[in-house]
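Engineer: Only the shape, not the letters, is given here:
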């Protein structure tokens, strides 16, 4: 092989590496970085005004909508349930729509609809126990424990942070880690 052709191949390889750095990363890293905060318009189009919970359709509070998207039509989004007057009062607080496999502090979720309820941990003032249920059946899938986020954080009704920034679901001043699965 002539030195000029080797130099040309190295130059082409360098250009490709500069143009598409994510192409050489493992799938999980490039997938994680592609998720972003969903816009208010995307969340309004996605989340229901009345969430299906067991045998009822419970009203939701649109201004509390939060979520992330991969920019290719998949979302993980949540909204506050207005449970006053429903049989679910006290058991559930948030509706969660999952369109990509994920784990919330060890609880595996497949694409579907879920509801969350929470209570302060009676043994630890700095912890929150979050119960995860199937939305339509009310079946308990597991409990995740949230911990206080450092004091410089803003208190949120709920916020789902993009994984590249902070793979956390924030409820109030508590954070629960999550992981996204592969397609």
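Structural biologist: Thanks, I have it. Bear in mind that the values here come from a model prediction, so they are computed numbers and not experimental data.

Engineer: which one is residue 142 nearest to, not counting chain neighbours?
Structural biologist: Take residue 142 and drop its neighbours on the chain: the residue closest to it by C-beta to C-beta, 6 or more residues apart in numbering is residue 107, 3.7 Å away. For glycine as for every other residue, the C-beta is placed from the backbone atoms N, C-alpha and C.

Engineer: Give the bridge partners for that neighbour, please.
Structural biologist: Beta-bridge pairing for residue 107 (DSSP bridges): residue 104.

Engineer: next one: stretch 91-99 to chain centre, how far?
Structural biologist: On the basis of C-alpha atoms, centre = their mean, to the nearest Å, stretch 91-99 sits 11 Å off its chain's mean C-alpha point.

Engineer: so who does residue 159 touch?
Structural biologist: 66, 169-170 (C-beta atoms under 8 Å, 6 or more residues apart in numbering).

Engineer: Now with 7 Å, please.
Structural biologist: The contact partners of residue 159, by C-beta atoms under 7 Å, 6 or more residues apart in numbering, come to 66, 170.

Engineer: for residue 153, same thing?
Structural biologist: Residue 153 touches residue 173, counting by C-beta under 7 Å, 6+ apart.

Engineer: bridging residues for the closest residue to residue 91 other than its chain neighbours?
Structural biologist: With C-beta to C-beta, 6+ apart as the criterion, residue 91 has its nearest non-adjacent residue at 5.1 Å, and that residue is residue 117. For residue 117, the beta-bridge partners are residue 131 (DSSP bridges).

Engineer: Count the residues that sit near residue 117.
Structural biologist: Number of residues near residue 117 (other C-beta atoms under 10 Å) recorded here: 19.

Engineer: Buried residues of the longest strand along the chain, list them for me.
Structural biologist: Counting by DSSP state E, the longest strand found in the chain is strand 56-69. Buried residues in strand 56-69, counted by 16 or more other C-beta atoms under 10 Å: 58-60, 64-69.

Engineer: Any chance of JSON lines for those, columns pLDDT?
Structural biologist: Formatted as JSON lines, the buried residues of strand 56-69 follow (pLDDT from 0 to 100):
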{"residue": "58", "pLDDT": "93"}
{"residue": "59", "pLDDT": "94"}
{"residue": "60", "pLDDT": "96"}
{"residue": "64", "pLDDT": "96"}
{"residue": "65", "pLDDT": "97"}
{"residue": "66", "pLDDT": "97"}
{"residue": "67", "pLDDT": "98"}
{"residue": "68", "pLDDT": "98"}
{"residue": "69", "pLDDT": "97"}
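
Engineer: Show me which of those is closest to residue 180.
Structural biologist: Taking C-beta to C-beta as the measure, residue 68 is the one of the buried residues of strand 56-69 closest to residue 180, at 9.0 Å.

Engineer: From residue 173, how far out is that closest one?
Structural biologist: Distance from residue 68 to residue 173, counting by C-beta to C-beta, to the nearest Å: 20 Å.
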